[in-house]
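Student: all I have is the shape, not the residue letters:
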Ligand SMILES: Cc1cc2nc3c(=O)[nH]c(=O)nc-3n(C[C@H](O)[C@H](O)[C@H](O)COP(=O)(O)OP(=O)(O)OC[C@H]3O[C@@H](n4cnc5c(N)ncnc54)[C@H](O)[C@@H]3O)c2cc1C
Ligand SMILES: O=C([O-])CC(=O)C(=O)O
């Protein structure tokens with residue numbers, strides 16, 4: 001019998017990953033995945049989905065390394081299995097190039113990706129504006145395939161799904177024992193966290209099947225990511241910009257910047273244009289608290305604010321959230337657990 005009721009709020013890559021981790025590891029919990037938007041309508045669905053990260057300032061680097069490595073290893077196993085095409089997860093090799101040598105020449109995740117090395121002078125000749133670069137193989141996880149695949153895995157583990165919008169956690173306090181908040185940018189209103197803010201990103205999907213390698217400018221604004229069915233090119237990083245409509249000025253700028261990196265792109269065809277708002281925060285919030293709601297104290301586990309790195313860190317932070325749910329269970333009175 002399932003007698004601890006857990007609700008995970010949010011069905012982007014963070015919520016679905018977290019819900020799967022809890023449902024598979026804690027079979028005595030009944031787990032509900034609740035969100036107003038599911039795939040294909042979440043921010044996660046439009047992400048390029050490349051595994052890559054910048055360092056958050058106040059989280060121990062060992063913890064960030066673990067988040068990256070846990071996600072990488074989980075997705076690598078999928079990429080190397082028969083599930084790869086359906087789950088939308090593939091290996092991706094290429095270059096990250098820099099106009100100036102960065103202060104940290106080797107990123108913290110260098111040991112987690114495959115075959116990381118500095119580019120040779122010969123390789124850099126292709127990129128005359130750049131003087132330093134990384135060559136390596138990482139993963140690309142296309143959430144418009146991965147999320148439905150993962151939701152299916154959640155249902156197989158006994159999870160339930162509910163589509164609705166909530167205005168406050170209080171609405172859930174009578175029906176659930178533990179609330180797991182994976183609402184991304186929604187946490188601004190849902191838990192009143194003004195530290196989470198939008199960083200607008202626009203990308204294009206292009207048909208250019210001859211491109212096999214990713215190219216990313218280290219400034220994070222210009223990138224070309226070949227995928228399973230098309231090439232994702234971008235991008236923009238516009239802080240506190242809430243516009244969800246496509247900006248044709250951005251489209252022109254993306255095409256111009258990307259064609260400078262890869263001139264053959266001018267022969268590609270634009271298939272679609274997309275805008276998303278990254279749920280950014282100085283550091284992601286992965287922690288628990290006991291919240292006093294009218295008539296009841298409820299355990300809340302937060303897992304949101306991953307900015308431009310939600311796909312990269314999803315499985316790692318979901319495992320941390322699972323650990324926090326286990327701690328909540330230990331703190332609950334015995335009759336509530338069994
Ligand atoms: C252009 C672009 C490119 C990107 N590329 C990459 C990349 O290459 N690699 C990478 O790692 N990351 C990338 N990202 C970042 C990535 O998309 C995000 O970090 C990630 O999607 C965050 O996931 P999430 O689950 O927290 O949020 P979301 O996907 O936004 O999901 C939030 C969920 O919460 C639900 N919700 C919110 N409020 C409520 C409420 N009140 N009631 C009910 N439900 C609610 C929503 O409906 C939704 O289901 C990119 C982002 C953009 C915009
Ligand atoms: O920066 C990148 O290479 C892709 C990404 O994560 C984003 O646009 O948020």
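Tutor: Sure, I can see it. What you see is a predicted model, and the numbers here were worked out from it, not measured in a lab. Ligands and ions are numbered 1, 2, ... in the order given.

Student: which residues does the closest residue to residue 218 other than its chain neighbours bridge with?
Tutor: Of all residues not flanking residue 218 in the chain, residue 98 sits nearest, at 4.0 Å (Cβ to Cβ, 6 or more residues apart in numbering). Backbone N, C-alpha and C define where each C-beta goes, glycine included. Beta bridges link residue 98 to residue 132 when assigned by DSSP bridges.

Student: I'd say residue 11 and residue 43 touch.
Tutor: No: Residue 11 lies out of contact with residue 43 (Cβ atoms under 8 Å); the separation is 10.9 Å.

Student: what is the end-to-end distance of stretch 44-62?
Tutor: Counting by Cα to Cα, to the nearest Å, the length from the leading to the trailing residue of stretch 44-62 is 25 Å.

Student: again with stretch 5-20
Tutor: First-to-last residue span, stretch 5-20, Cα to Cα: 15 Å.

Student: report the separation between the residue nearest to residue 226 when sequence neighbours are not counted and residue 261.
Tutor: Residue nearest to residue 226 in three dimensions, not counting chain neighbours: residue 211, with 4.7 Å by Cβ to Cβ, 6+ apart. Distance, residue 211 to residue 261, using Cβ to Cβ, to the nearest Å: 11 Å.

Student: mutual contacts of these two, please.
Tutor: Common neighbours of residue 211 and residue 261, using Cβ atoms under 8 Å, 6 or more residues apart in numbering, are residue 224.

Student: neighbour count: residue 11 and residue 43, which is higher?
Tutor: The neighbour comparison of residue 11 against residue 43 (other Cβ atoms under 10 Å) goes to residue 11, with 28 against 21.

Student: can you check the pLDDT for the more buried one?
Tutor: pLDDT, residue 11: 98.

Student: give me the low-pLDDT residue ranges for the stretch 1-150 of the chain?
Tutor: Scanning the stretch 1-150 of the chain with the threshold set as pLDDT under 70 gives 1-2.

Student: contact residues of it facing ligand 1?
Tutor: 9-15, 35-37, 42-44, 47-50 (Cβ under 6 Å from any ligand atom).

Student: may I ask you to confirm that residue 212 is in contact with residue 226?
Tutor: Yes: using Cβ under 8 Å, residue 212 is in contact with residue 226, at 5.9 Å.

Student: who in this structure is up against ligand 2?
Tutor: 48, 50, 52, 201, 216, 220, 223, 234, 235, 278, 308.

Student: between these, which is nearest ligand 2?
Tutor: residue 308 (2.9 Å; Cβ to the nearest ligand atom).

Student: which residues does the closest one contact?
Tutor: Listed by Cβ under 8 Å, 6+ apart, the contact set of residue 308 reads 54, 199, 201, 220, 237, 278, 280.

Student: need the contact list for the fifth one.
Tutor: Right, the one you point to is residue 237. Here residue 237 is in contact with 199, 200, 201, 220, 221, 278, 308 (Cβ under 8 Å, 6+ apart).

Student: now those residues as TSV including pLDDT and distance to ligand 1?
Tutor: Formatted as TSV, the contacts of residue 237 follow (pLDDT from 0 to 100; distance: Cβ to the nearest ligand atom, whole Å):
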residue	pLDDT	distance to ligand 1
199	98	7
200	98	7
201	98	3
220	93	10
221	94	11
278	98	5
308	98	5
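
Student: and the buried ones among the residues you listed, selectable in ChimeraX?
Tutor: Remark: buried members of the contacts of residue 237, expressed as a ChimeraX selection using 16 or more other Cβ atoms under 10 Å:
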select :199,200,201,220,278,308
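
Student: now, which of the contacts of residue 237 lie within strands?
Tutor: Among the contacts of residue 237, DSSP state E puts 199, 200, 201, 278 in strands.

Student: now, which of those residues sits nearest residue 155?
Tutor: Nearest to residue 155, judged by Cβ to Cβ, of these is residue 278 at 28.2 Å.

Student: is it true that that closest one touches residue 202?
Tutor: No: Residue 278 lies out of contact with residue 202 (Cβ under 8 Å); the separation is 11.5 Å.

Student: and the closest residue to ligand 1 within the stretch 1-150 of the chain, how far is that from residue 315?
Tutor: Residue nearest to ligand 1 within the stretch 1-150 of the chain (Cβ to the nearest ligand atom): residue 12, separated by 2.1 Å. Distance, residue 12 to residue 315, using Cβ to Cβ: 13 Å.

Student: perfect, I'm done here.
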